[in-house]
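> fold the stuff below for me.
(2 chains)
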There are 2 protein chains.
Amino acid sequence: MARLVLKFGGTSVADIERIRVVARHVKREVDAGHEVAVVVSAMAGTTNQLVAWCKDASRLHDAREYDAVVSAGEQITSGLLAIALSEMGVPARSWLGWQIPIRTSNVHGAARIEKIETDALEKAFAEGRVAVVAGFQGLADNNRIATLGRGGSDTSAVALAAALGADRCDIYTDVDGVYTTDPRMTPRARKLEKVTYEEMLEMASQGAKVLQTRSVGLAMVHQVRTLVRSSFDDPDDAALVAASRTNTGLPGTLVCDEEEIVEQELVTGIAYSRDEAKITLVKVADKPGIAAAIFGPLAEAGINVDMIVQNVSEGDAMTDLTFTVSHAELDKARAVVEAASADIGYQQLIADGDVAKISVIGVGMRSHTGVAQKMFHALADRGINLHVISTSEIKVSVLIDAEYTELAVRALHTAYGLDGDTAA
Amino acid sequence: MARLVLKFGGTSVADIERIRVVARHVKREVDAGHEVAVVVSAMAGTTNQLVAWCKDASRLHDAREYDAVVSAGEQITSGLLAIALSEMGVPARSWLGWQIPIRTSNVHGAARIEKIETDALEKAFAEGRVAVVAGFQGLADNNRIATLGRGGSDTSAVALAAALGADRCDIYTDVDGVYTTDPRMTPRARKLEKVTYEEMLEMASQGAKVLQTRSVGLAMVHQVRTLVRSSFDDPDDAALVAASRTNTGLPGTLVCDEEEIVEQELVTGIAYSRDEAKITLVKVADKPGIAAAIFGPLAEAGINVDMIVQNVSEGDAMTDLTFTVSHAELDKARAVVEAASADIGYQQLIADGDVAKISVIGVGMRSHTGVAQKMFHALADRGINLHVISTSEIKVSVLIDAEYTELAVRALHTAYGLDGDTAA
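Numbers count the residues shown, from 1 in each chain, chains lettered A, B, ... in the order given. Prediction:
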């Protein structure tokens, strides 16, 4: 017997027919003898509708009221899934954030889970009941509902798995696992059987949208083994039933500790993001305080700066400085910098929204040299120019012209030996 | 300064535009210096959708889960109205049933309000905040959401007004008051300025759909002065603003105690219901226990019997017995009686679904004779045959062929001097 937390997203619970499929997945795990808690999102489209109503009622709405409105979506799904499970003979009840309670900070709309009291759920397990938990929501200490921000149901599931000491957290989604790169980019993309928390974290933050970055960070901190799998599998497939019974041969991709991965690849995946924009300030004075003069105003405006590169200045105490922001914030960032131009002092501002970031990720880099070198060579061979380079312990990212995105991803996928048999 | 509870139904909060109109009604009362709590229903259509999902998930769904799902509708509206009020500069916050709490019985889906704790709301009033309360819901002592059954938001409003010692409960609806009879039946129908609790209770249970019967009963018990008024009035109309300031000259119909009504009419209104069916048992043995043999099985089958008449038996110890049930339950009632025919013993069963009940209502009847006599004459003059007659202290009801409904209502409306100037 294992203790499992299963999480189903919006498309997996989009209507009653899909909710019945979810119930069959849950039933399979219960029939295999496991203790099961299920975390659900709102039905696809519901949250968007609720958010739109709040915005329509007031552009500057009170975040506490927003939370009361928006949390209704997951409340509805949790009740409906409990009903569908009971209909199949699986004892179940729904739990809202305030009933457990899942205690959060008071930052309404983007709250953090602080503590999950597990007594009630342990009692439910002891009685053989499935706990269906409304994701994305908790109870702030003002006795009001607080939501965790977009994608928060992944975070709810991982936090619940950590609090319950679950053996595994299964994230059922509309893809069947984590790939070496986006399969839409190349047919040679290969599904990974396992990936480390660190790699998944880099992939999530570098543009792969399978898991929410925050939930991966939480899984890493609490060592919650997290399985990314498809909610579109036939729940009663014989191989799935056998896998549930033995907890081996499971489909999907397991996000786990490095130690659980026997043969670690040098590079695990290639991520890309087209949501990038570059600003270059030409001939900035190379003096103390210049970075603060530029990035202070940007931070105050709530603009997230990703990569920063400063060229070595020569003799004239002038330097060129380049940084990247998300594409959506380019115009705002440009305006902020231009407003501060007197303080900063630069000759010219060059903005470029037509760029992409390509990242090579792998914990194997820690113990191997030459990974970055191979990347630069592979891209140079295709005539791809690098605007900015940024590295971390397990990642190398480069900024290139957007039109080369596919070419770069495919070249790197081949260069690091990630190509699967599909296209052999 | 007065303390007011305002209630807005589903059509009054059908979309954000309508919710903004509601907010303006609330603002008018706040600007007049009143302490205001607002009870809201779900947006029109929402509850039906949620109920349909529950039924689709399982025909025999757990009522506790049904409540978790269905109560989301009022939760959404309460948050949205709080947002719309804040946008207009009116300090407000939403309150869910479990937050106040409104304590109810554990009969999920049809719970009764047992106690409303008012400390939190009193504090909100003291801080000058409008309390926007989700109607139709409370907290059962199993720490789960319980709903009050259909139309429950009226009950929420009246119960809240009673608990808060409110000066008045304003029910904003899609009609502008209570009429002497259904205005669709005759253009001579006249809006009543005031009506007693007892009369309103009879009107509600005799087919007038302005207020939910249960909420009128509650208003009567707790002496909650209840104003039925239109949510389609212009909230900023000068006359309405003046009326709010002085609490005089208010639009709509006030449901109140008899003592508040100076000139009591003999008859206040004519109600009708087409949702009636009649069953006559011919030649039933006139012996002790016969009523139990007939109505016992009907009660066990959950069928509500309204009027019952038994003819005087002569010599042969045989009698004819007639009773009425709602139209929807005619077939079921017939089957129940036929199944028990051996125990009952009758010669023939005659069922008739083509009947209507006409009721004349007025507390003035208590002190005046001849009211029923006038009714019988007026109907006889039009050649309308009476199948069943039933009377209470303040009401006379007759069952007639359905085709005479309009004719009977109009004749009685004139006979009791209720006709307004409209058609003069």
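
> what sits against A:Leu407?
Shown in contact with A:Leu407 (C-beta atoms under 8 Å, 6 or more residues apart in numbering or on different chains): A:382, A:384. Every C-beta, even on glycine, is put in place using the N, C-alpha and C of the backbone.

> helix or strand for it, which one?
Taking DSSP states H and E as the criterion, A:Leu407 maps to helix A:405-415.

> my read: A:Thr322 touches A:Val282, true?
No. Using C-beta atoms under 8 Å, A:Thr322 is not in contact with A:Val282; the gap is 9.6 Å.

> which outside residues touch stretch A:107-122?
So stretch A:107-122 is contacted by A:37, A:63-64, A:66-67, A:95, A:99-105, A:131, A:138, A:140, A:144, A:146-149, A:155-156, A:159-160, A:163-164 (C-beta under 8 Å, 6+ apart).

> lowest average confidence, helix or strand, in chain A?
Sorted by mean pLDDT, DSSP states H and E, the helices and strands of chain A end with strand A:308-310, the least confident at a mean of 83.

> what about A:Ala126, how many residues nearby?
9 (other C-beta atoms under 10 Å in any protein chain shown).

> up against chain B, what does chain A have?
A:16, A:19-20, A:50, A:53-54, A:56-58, A:60-62, A:64-69, A:71-73, A:75-76, A:78-80, A:82-84, A:86-87, A:93-94, A:96, A:98-99, A:143-145 (C-beta under 8 Å from any C-beta of the partner chain).

> could you rerun that using 7 Å?
A:16, A:19, A:50, A:53-54, A:56-58, A:61-62, A:65, A:68-69, A:72, A:75-76, A:78-80, A:82-84, A:86-87, A:94, A:98-99, A:143 (C-beta under 7 Å from any C-beta of the partner chain).

> give me the below-cutoff pLDDT ranges for the stretch 251-400 of chain A.
A:312-316 (pLDDT under 70).

> quick one: the helices in it, in order.
A:290-300, A:330-339, A:341-344, A:371-381 (DSSP state H, counting those that start in this stretch).

> flag every buried residue along the shortest one.
Neighbour counts over helix A:341-344 (16 or more other C-beta atoms under 10 Å in any protein chain shown) mark A:Ile344 as buried.

> which strands or helices does it pack on?
helix A:290-300 (3 or more C-beta pairs under 7 Å, 6 or more residues apart in numbering or on different chains; DSSP states H and E).

> from A:Ala239, how far out is A:Val90?
22 Å (C-beta to C-beta, to the nearest Å).

> neighbour count for those two, which is higher?
A:Val90 (20 against 12).

> isn't that one right up against A:Val130?
Yes. The criterion here is C-beta atoms under 7 Å, and A:Val90 meets it with A:Val130 at 5.9 Å.

> for A:Asn142, list the residues it contacts.
Contact analysis of A:Asn142 by C-beta atoms under 7 Å, 6 or more residues apart in numbering or on different chains lists A:Asn106.

> just the element for it, please.
Applying DSSP H and E, one finds A:Asn142 in no helix or strand.

> state the distance from it to B:Gln99.
10 Å.

> centre of the chain to stretch A:190-202, how far?
12 Å (C-alpha atoms, centre = their mean, to the nearest Å).

> ends of that stretch, what's the gap?
Using C-alpha to C-alpha, to the nearest Å, the end-to-end distance of stretch A:190-202 comes out at 18 Å.
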